[in-house]
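*Asks:* show me how the following folds:
(chains A and B)
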Amino acid sequence: MVQITGCEPEMSRELIEELERERRRNFIDRLKHVDWEVEQILKDHRKWFEIQAEWSKKYYEALYRQMDKDPKLKKIIIENILRGDQSGEKHITFK
Amino acid sequence: MIYGIVYCVTMIRITNTIEYDETRRIIKVRKEKLTMEDTIALAFSRILEKENVRYAIVAGYVALLFGRSRRSDDVDFIIENISLGKFASLCEKLFKAGFKFLHSNEKTLETVRMAYHSLEKGDRIRFTFGEYPIPNVEMKFATTRLDKISIEESMMIHVNEDVLRISPLELQIAYKLYLGSEKDVEDARFLYKLFKNILDGEKLSKWCRLLDVNLKCLES
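*Replies:* Numbering: from 1, shown residues only, chains lettered A, B, ... in the order given. Below is the predicted model of the structure:
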């Protein structure tokens, strides 16, 4: 079991530092992924577009199936979008 | 004797589906299959083009259009401020094409007038395409100077036989860095790396200076 000991302000600083390091590392990995995406696109953009369209189609088909099965879901999504607009924030659905 | 004007068109190949017409600053994209976001963006643009409404697409879809592998719930359009009459006529064409307001199923003049007043106040309105709420079109009038520049200096994109206009890539990259969320920085890096050879370096530096952002995080 991980022991969290020591005086509280010191402990808090260390925990936050750890979290920040972790977040930074994840972000760098995601930037590397972007570079990889661009590399693949430069190699064969036609193929990449095909995969992207197929992936988009599958995603929306699954989402729309869920909405058809449960009409409440569609209502919730619309309410969520409109609430986000009113509060001036971008909505979050299934990103 | 017949005199003709000879245009010298310089085409730059960016990928096996994208070419750049340097003379006219047009990007030509060929897509055999469209994403849902493409379909809605093209359907909406087609009507704006027909109705002679000036516009620019901004934000996430600009990166998605060129292959960024994420999705977006909306396609953001900034349009020039138009009169109520022109807006009503635009809505009529949009309704005919299968768009409807997200906030209302009604297509009455009263609903159109309410939507127009929201736009005049600087709010955004949304249109859905078909029966599902996402992806949708988010539309606003140009209110800020950057909105207006996005429209005035918009880049034309030919997607197959259709036309789209997007905010200049240089401005989009700087603006995304300014927004600063991880997603925005990723999009900025994507656009920067993909279009590095055709970006206008001076313009990019100018926007970065004006928005007080640093290009270094895109280079490393």
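*Asks:* so which elements touch the least confident helix or strand in chain A by mean pLDDT?
*Replies:* Lowest on mean pLDDT, DSSP states H and E among the helices and strands of chain A sits helix A:71-86, with a mean of 89. When contacts are defined as 3 or more CB pairs under 8 Å, 6 or more residues apart in numbering or on different chains; DSSP states H and E, helix A:71-86 packs onto helix A:45-69, strand B:132-141. Just so you know, the C-beta spots here come from the backbone N, C-alpha and C atoms, and that holds for glycine as well.
*Asks:* buried residues in it?
*Replies:* Of all the residues in helix A:71-86, those buried under the rule 16 or more other CB atoms under 10 Å in any protein chain shown are A:74, A:77, A:78, A:81, A:85.
*Asks:* strands of chain B, residue ranges please.
*Replies:* With strands called from DSSP state E, chain B shows them at B:11-13, B:18-21, B:26-29, B:55-58, B:74-79, B:99-101, B:125-129, B:132-141, B:155-159, B:162-166.
*Asks:* the longest one and chain A, are they touching?
*Replies:* So the one you mean is strand B:132-141. Yes: counting by CB under 8 Å from any CB of the partner chain, contacts between strand B:132-141 and chain A involve B:132, B:133, B:134, B:136.
*Asks:* ignoring the adjacent residues along the chain, who's closest to the residue nearest to the spatial centre of chain B?
*Replies:* Central residue of chain B (CA atoms, centre = their mean): residue B:57, 1.4 Å from the mean position. Computed as CB to CB, 6 or more residues apart in numbering or on different chains, the closest residue to residue B:57 that is not its neighbour in sequence is residue B:166, at 4.8 Å.
*Asks:* the one you found and residue B:27, how far apart?
*Replies:* Distance, residue B:166 to residue B:27, using CB to CB, to the nearest Å: 8 Å.
*Asks:* need the residues touching each of these two.
*Replies:* Taking CB atoms under 8 Å, 6 or more residues apart in numbering or on different chains as the contact rule, residue B:166 and residue B:27 both touch B:155, B:157.
*Asks:* how about the residues of chain B near chain A?
*Replies:* Residues of chain B that fall close to chain A, judged by CB under 8 Å from any CB: B:15-18, B:30-38, B:66-71, B:73, B:102-103, B:123-124, B:126, B:132-134, B:136, B:182, B:185-186, B:189-190, B:193-194.
*Asks:* one more time with 6 Å, if that's ok
*Replies:* If contacts are counted using CB under 6 Å from any CB of the partner chain, the residues of chain B sitting beside chain A are B:15-17, B:31, B:33, B:35-36, B:67, B:69, B:73, B:132-133, B:182, B:186, B:189-190, B:193-194.
*Asks:* ok, residues contacting the worst-scoring helix or strand of chain B on mean pLDDT?
*Replies:* Least confident helix or strand of chain B, by mean pLDDT, DSSP H and E, is helix B:216-219 with a mean of 82. Residues from elsewhere that reach helix B:216-219, judged by CB atoms under 6 Å, 6 or more residues apart in numbering or on different chains: B:189, B:192.
*Asks:* next one: stretch B:144-152
*Replies:* By CB under 6 Å, 6+ apart, the residues outside stretch B:144-152 that reach it are B:54, B:56, B:58, B:78, B:80, B:142, B:167.
*Asks:* top of those residues by neighbour count?
*Replies:* Counting neighbours by other CB atoms under 10 Å in any protein chain shown, residue B:56 leads those with 27 neighbours.
*Asks:* correct me, but that residue touches residue B:165?
*Replies:* Yes: Residue B:56 lies in contact with residue B:165 (CB atoms under 6 Å); the separation is 5.4 Å.
*Asks:* related to what we said a few turns ago, out of the residues of chain B next to chain A, which are buried?
*Replies:* By 16+ other CB under 10 Å, the residues of chain B next to chain A give B:15-17, B:31, B:35-36, B:67, B:69, B:73, B:132-133, B:186, B:189-190, B:193-194 as buried.
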